[in-house]
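Trainee: build me a structure from this.
(one chain, ligands or ions: 1)
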Amino acid sequence: MTQQITVTEHLLLHQKQIPGATGQFTHLFNELVLSAKIISREVNKAGLVDVLGFTGEINVQGEEVKKLDEYANRILIHRMARSGVLCAMASEENADIIDIPHGLPQGSYIIIFDPLDGSSNIDVNVNIGTIFSIYRRKSKVGTPVQSSDVLQCCDEQVAAGYILYGSSTMLVFTTGDGVHGFTLDPGVGEFLLSHPNIKIPEIGKIYSVNEGYWPYWSEATKKVVNHFKSADNVHGHPYSLRYIGSLVADFHRNLIYGGVFMYPADHREPSKPVGKLRLMCEAAPMAMLVEQAGGMATDGTKRILDIVPHELHQRVPLFIGSKHEVSIIRDIYEGQDG
Ligand code: P6P
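Mentor: Numbering: from 1, shown residues only. I've put the predicted structure just below:
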């Protein structure tokens, strides 16, 4: 009988190792796990019930909102508000910080999430995911939450992770003590430890980027991507290109197999000169995960976790994955800058 460790058991074990841990965090995580199970149930029957397609609304990102996006956002906001341990939250789908409704108990944590990332893939049954990032407030408990409590340096994250809705539903997260993967056993409704202490291979054989944007890239970015398309690299032959168009799925594959995911700055839209991905609800949580797994994450040259956000939905170029590849990318960009 393989040892079946649930997320809750894993967290309680971890919590015992944190002096003065109050159990607030474990409670928050249990609510997150419940949200994941509810969203997974809906994702897995999409197509059978009326959750596919668009709501007809446009979100703060200027993107059309999918019904399942909206559903996942509602579930997370509802469950997180009632966790009793948050003082604020933020969603990729909402323009502003979401306050905890008056009358509900509050705590010292802040969660920032992308409720259903990769939503352009929902209607064609391609893997999608929920991404989350957790901070502890800096301002005094009992005083109004400050924007600085939310816009903290990305290195201040106390936890980060994602739920991947695919051939199985997986929860992968870190609390700063390694990266651990849990797979949902739908028969018993529990996430069971399936990938303890995940480490990303030092050198990868895969690169992930949307090459359709080639005409909009800088010469330095073209040099970076050419490094992986040519034989002029550590392998002496081109890397394999794998690109799903769903960050959680692309990241998860590279985390397990090794490789690098790139979303460079491009010049398609003058309003988004630094690319499409959001710092706080996509790049920062993935950066904490990959570093905890022995990898690297930069904006091309600067460590993602060293960035202090200036606004909630700011975007950032992202190069993330195996240490060797992300280091090579940094050297190429720095070399171009002279
Ligand atoms: P593109 C999904 O919409 C997303 O935010 C990420 O999940 C994914 O990596 C990226 O956009 C794909 O963007 O421009 O290649 O379609």
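
Trainee: would you mind listing what in this protein touches the ligand?
Mentor: Contact residues (CB under 6 Å from any ligand atom) of the chain with the ligand: 117-118, 120, 210, 245-247, 250, 276. Every residue, glycine included, has its C-beta placed from N, CA and C.

Trainee: look up how far the ligand lies from the nearest residue to L151 once chain neighbours are set aside.
Mentor: Among residues not flanking L151 along the chain, P309 sits closest, at 4.6 Å (CB to CB, 6 or more residues apart in numbering). When distance is defined by CB to the nearest ligand atom, to the nearest Å, P309 is 17 Å away from the ligand.

Trainee: helix, strand or coil for L164?
Mentor: Classification of L164 using DSSP: H, G, I helix; E, B strand; the rest coil returns strand.

Trainee: quick one: the residue nearest to L151 is in a helix?
Mentor: No - counting by three-state DSSP, P309 is located in no helix; its state is coil.

Trainee: next, it: phi, psi?
Mentor: Dihedral angles of P309 (phi, psi; degrees, to the nearest 10) stand at phi -70, psi 150.

Trainee: dump the residue contacts of it.
Mentor: 151-152, 154, 279-280 (CB atoms under 8 Å, 6 or more residues apart in numbering).

Trainee: buried subset of the residues of the chain next to the ligand?
Mentor: 117-118, 246-247, 250, 276 (16 or more other CB atoms under 10 Å).

Trainee: now flag whichever of these is closest to D99.
Mentor: D117 (23.6 Å; CB to CB).

Trainee: ok, the closest one to A90 distance?
Mentor: Here D117 is placed at a distance of 14 Å from A90 (CB to CB, to the nearest Å).

Trainee: next one: F182
Mentor: For F182, the distance to A90 - CB to CB - is 25 Å.

Trainee: with neighbour numbers in mind, choose between these two.
Mentor: Taking other CB atoms under 10 Å, F182 and A90 do not tie; F182 has more neighbours (25 against 21).

Trainee: and that one, that one's in a helix?
Mentor: No - under three-state DSSP, F182 falls outside any helix and is assigned strand.

Trainee: how about the secondary structure of the nearest residue to it once chain neighbours are set aside?
Mentor: In space, and not counting its chain neighbours, F182 is closest to F191: 3.8 Å by CB to CB, 6+ apart. Under three-state DSSP, the three-state class of F191 is strand.

Trainee: then the one 10 residues further on?
Mentor: Using three-state DSSP, the secondary structure recorded for P201 is coil.

Trainee: picking up where we left off before, the residues of the chain next to the ligand in helices, which ones?
Mentor: Counting by DSSP state H, these place 247, 250 in helices.

Trainee: where does confidence bottom out across the residues of the chain next to the ligand?
Mentor: Lowest pLDDT among the residues of the chain next to the ligand: S120, with 78.

Trainee: contacting residues around that residue?
Mentor: Applying CB under 8 Å, 6+ apart to S120 gives the contacts G245.

Trainee: before we move on, back to that, show me which of the residues of the chain next to the ligand is closest to A297.
Mentor: Closest to A297, out of all of these and judged by CB to CB, is L247, at 12.2 Å.

Trainee: now do the same contact list for the closest one.
Mentor: By CB under 8 Å, 6+ apart, the residues touching L247 are 117-118, 129, 131, 261, 277, 282, 286.

Trainee: what of P105?
Mentor: For P105, the contact set (CB under 8 Å, 6+ apart) comprises G84.

Trainee: next up, phi/psi of it, please.
Mentor: Torsion angles, degrees, to the nearest 10, at P105: phi -60, psi 150.

Trainee: just checking, what packs against the helix or strand hosting A287?
Mentor: Using DSSP states H and E, A287 maps to helix 284-292. Helix 284-292 sits against strand 128-136, strand 159-165, strand 169-174, helix 247-257, strand 296-298, strand 318-321, with contacts defined as 3 or more CB pairs under 8 Å, 6 or more residues apart in numbering; DSSP states H and E.

Trainee: just say which of these is most tucked in.
Mentor: Highest mean neighbour count of those: strand 318-321, a mean of 30 (counted as mean count of other CB atoms under 10 Å).

Trainee: just the CA atoms of the very next helix or strand once past that strand, as CSV, please.
Mentor: Next along the chain after strand 318-321, taking DSSP H and E as the criterion, comes helix 323-336. Extracted in CSV, the C-alpha atoms of helix 323-336 (Å, rounded to 0.1, in the frame of the first residue of the first chain):
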residue,chain,number,x,y,z
LYS,A,323,19.0,27.2,-14.8
HIS,A,324,21.3,26.6,-17.8
GLU,A,325,18.9,28.0,-20.4
VAL,A,326,17.7,31.0,-18.4
SER,A,327,21.4,31.9,-17.7
ILE,A,328,22.2,31.6,-21.4
ILE,A,329,19.3,34.0,-22.2
ARG,A,330,20.5,36.5,-19.6
ASP,A,331,24.0,36.4,-21.1
ILE,A,332,22.7,37.0,-24.6
TYR,A,333,20.6,40.0,-23.5
GLU,A,334,23.4,41.4,-21.4
GLY,A,335,25.8,40.9,-24.3
GLN,A,336,23.4,42.8,-26.6
